[in-house]
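S.K.: Below is the sequence, then the predicted model.
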Amino acid sequence: MKRSAALLLLLAAHSANAHDVRHHGAHVHGQADVDLAVDQGTLELALRAPGIGILDFERPPADSREQAALARARSILQSGSWVTLPTAAQCRLDHAEATAEGFAPVAVAAQPGQHTHAGFTAALRYHCANPAALRGLALSLPTLFPGLHEVIVNTATSTGQGRSVVTADSLRVPLAP
């Protein structure tokens, strides 16, 4: 499947930023990032979120309750239930994956004073039979995970690029007509 140049640029920027974040440990608690691209009938979303925004901890789960919360979060992210698409677009989920990094016990003790950052990534790909109806969508991440105060959404479509901020009070992401 041919991908648009905008999608490739967006994903390249994501990869470069993810590399920097992982090695430098810098991330913003309470804020997630989503790169969203529409190319013909394909809609792709790539999510990056700090562990503390999705869960209330950034370490290996301490008990069965925390293990269940981690499994639930990963399941929600992989299911795509955090995305609401217009029915008229006739989209179906083609691919979904979600990972949780930094929550496994570490075999070697961390250096004193060093804090490791845990986080989540998710990738969704939809095929839409009527992409012209994709004028906007809703991302319910801040309502599903109250620790996420805002989600920065970078969009790329055939009509241009944009940026939106999703909060619990405003879940809608407009896409250029």
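M.R.: Perfect, I can see it now.
S.K.: where does this protein dip in pLDDT?
M.R.: Within the chain, the stretches with pLDDT under 70 are 1-29, 106-116, 176-177.
S.K.: In terms of helix, strand or coil, where does the residue positioned nearest the centre of it fall?
M.R.: Nearest to the mean C-alpha position of the chain, by Cα atoms, centre = their mean, lies residue 47 at 1.7 Å. Put simply, residue 47 is strand when judged by DSSP: H, G, I helix; E, B strand; the rest coil.
S.K.: just so I have it, where are all the helices in this structure?
M.R.: Assigned by DSSP state H, the chain shows helices spanning 5-24, 51-54, 64-79, 141-144.
S.K.: got the residue ranges for the strands in the protein?
M.R.: Secondary structure of the chain by DSSP state E: the strands cover 31-39, 42-50, 83-84, 91-101, 119-128, 136-139, 150-157, 160-166, 172-174.
S.K.: which one of those lies closest to residue 69?
M.R.: Nearest of the strands of the chain to residue 69, taken as Cβ to Cβ: strand 91-101 at 10.7 Å. The C-beta positions use only the backbone N, C-alpha and C, and glycine is treated the same way.
S.K.: Identify each buried residue in the closest one, please.
M.R.: Applying a neighbour-count criterion of 16 or more other Cβ atoms under 10 Å, one finds 91, 98, 100 buried in strand 91-101.
S.K.: before we move on, what about stretch 150-158?
M.R.: 150, 151, 153, 154, 155, 156, 157.
S.K.: Tell me the one of those residues nearest residue 140?
M.R.: Nearest to residue 140 among those, with distances taken as Cβ to Cβ, is residue 151, at 9.8 Å.
S.K.: what about the residue nearest to the closest one when sequence neighbours are not counted, neighbour count?
M.R.: Of all residues not flanking residue 151 in the chain, residue 166 sits nearest, at 4.2 Å (Cβ to Cβ, 6 or more residues apart in numbering). As a burial measure, residue 166 scores 22 neighbours (other Cβ atoms under 10 Å).
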